[in-house]
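K.L.:
model this:
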Amino acid sequence: DSYLNKYVTLNLGIRDRDKLALDDTYQPFIIMDSGPLKNGQLDGEWQRVNNGVLECRLLYNKGRFVSGIGLDSVGNKHPFNMVDTPPVYNGYSDIVTFIKRKSNILKQARKKNLKGIIEMQVLIDTSGAVIDVKISSPFGRDVDEQMINAAKLTSHHWTPEKEYGIPRISAMSLHIQVGA
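P.N.:
The predicted model follows:
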């Protein structure tokens with residue numbers, strides 16, 4: 001038995017991975033998955049084609065994903081054993097604690113009696129660098145600027161998101177509680 005699944009999907013988020021900016025437009029693309037079935041389960045080597053370009057090869061055994069090889073835009077192979085891995089902060093403390101300390105937000109919160117949650121998005125490139133920071137729930141110009149500057153200090157302390165073993169530009173949402 002063999003199987004071909006073709007579908008159109010919408011990508012919400014980063015419109016153009018080379019543009020390096022947050023965006024909320026939709027980008028349609030066509031994905032085709034094909035490979036063998038055994039007793040109704042994925043079994044053997046499968047291929048994923050995205051807009052006509054081979055994106056990866058996936059190995060299944062009795063319906064369970066085993067491993068794969070992602071192919072980037074220049075043909076380099078990237079082995080993987082998890083299909084998607086989120087970006088990971090590799091700093092000395094957790095990311096929220098780091099940003100709070102570096103922005104002096106705790107002192108300001110006590111001094112000015114500030115309370116609430118600051119929501120921010122950090123855009124991380126394929127090398128782990130922070131390339132953009134946006135505050136989605138503004139708290140005030142001074143506080144927002146300090147939070148943005150603190151988030152930028154985490155640059156190169158990230159392991160980038162990987163999809164099919166290939167590093168991708170991604171956005172990480174952070175919610176930072178201020179005051180109690």
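K.L.:
What residues of the longest helix along the chain count as buried?
P.N.:
For the chain, the helix with the greatest residue count under DSSP state H is helix 141-152. Buried residues in helix 141-152, counting neighbours by 16 or more other C-beta atoms under 10 Å, are found at V143, D144, Q146, M147, I148, A150, A151. Any C-beta I mention is one placed from the backbone N, CA and C, and that applies to glycine too.
K.L.:
Report the separation between the closest residue in space to the second one that isn't next to it in sequence and N51.
P.N.:
If I follow you right, that is D144. The shortest distance from D144 to any residue other than its chain neighbours is 4.7 Å, reached at I135 (C-beta to C-beta, 6 or more residues apart in numbering). For I135, the distance to N51 equals 34 Å [C-beta to C-beta, to the nearest Å].
K.L.:
and these two? which has more neighbours close in?
P.N.:
I135 (17 against 10; other C-beta atoms under 10 Å).
K.L.:
a helix runs through V49, doesn't it?
P.N.:
No: assessed with DSSP: H, G, I helix; E, B strand; the rest coil, V49 is strand; it does not lie in a helix.
K.L.:
which residues touch the residue nearest to D144?
P.N.:
Counting by C-beta atoms under 8 Å, 6 or more residues apart in numbering, I135 touches I118, E119, M120, D144, M147, I148.
K.L.:
Pick out the most distant pair among those residues.
P.N.:
Longest distance between any two of those is 12.6 Å, between E119 and I148; criterion C-beta to C-beta.
K.L.:
Nearest residue to L153 in space, please, no chain neighbours.
P.N.:
Nearest residue to L153, sequence neighbours excluded (C-beta to C-beta, 6+ apart): K102, at 5.7 Å.
K.L.:
Rounded mean pLDDT for the host helix or strand of L37, please.
P.N.:
L37 belongs to strand 26-38 when elements are defined using DSSP states H and E. Average pLDDT, strand 26-38: 71.
K.L.:
Could you do stretch 58-78 as well?
P.N.:
Averaged across stretch 58-78, the pLDDT comes to 91.
K.L.:
Go through it and flag the buried ones.
P.N.:
Buried residues in stretch 58-78, defined by neighbour count with 16+ other C-beta under 10 Å: L58, L59, Y60, G68, I69, G70, L71, D72, H78.
K.L.:
For the second one, name its beta-bridge partners.
P.N.:
Put plainly, it is L59. Beta bridges link L59 to E45, S67, judged by DSSP bridges.
K.L.:
The last one now?
P.N.:
Per DSSP bridges, residues listed as beta-bridge partners of H78: G70.
K.L.:
That one against E55, yeah?
P.N.:
No: distance between H78 and E55: 10.8 Å, which falls outside the contact criterion (C-beta atoms under 8 Å).
K.L.:
All set, thanks.
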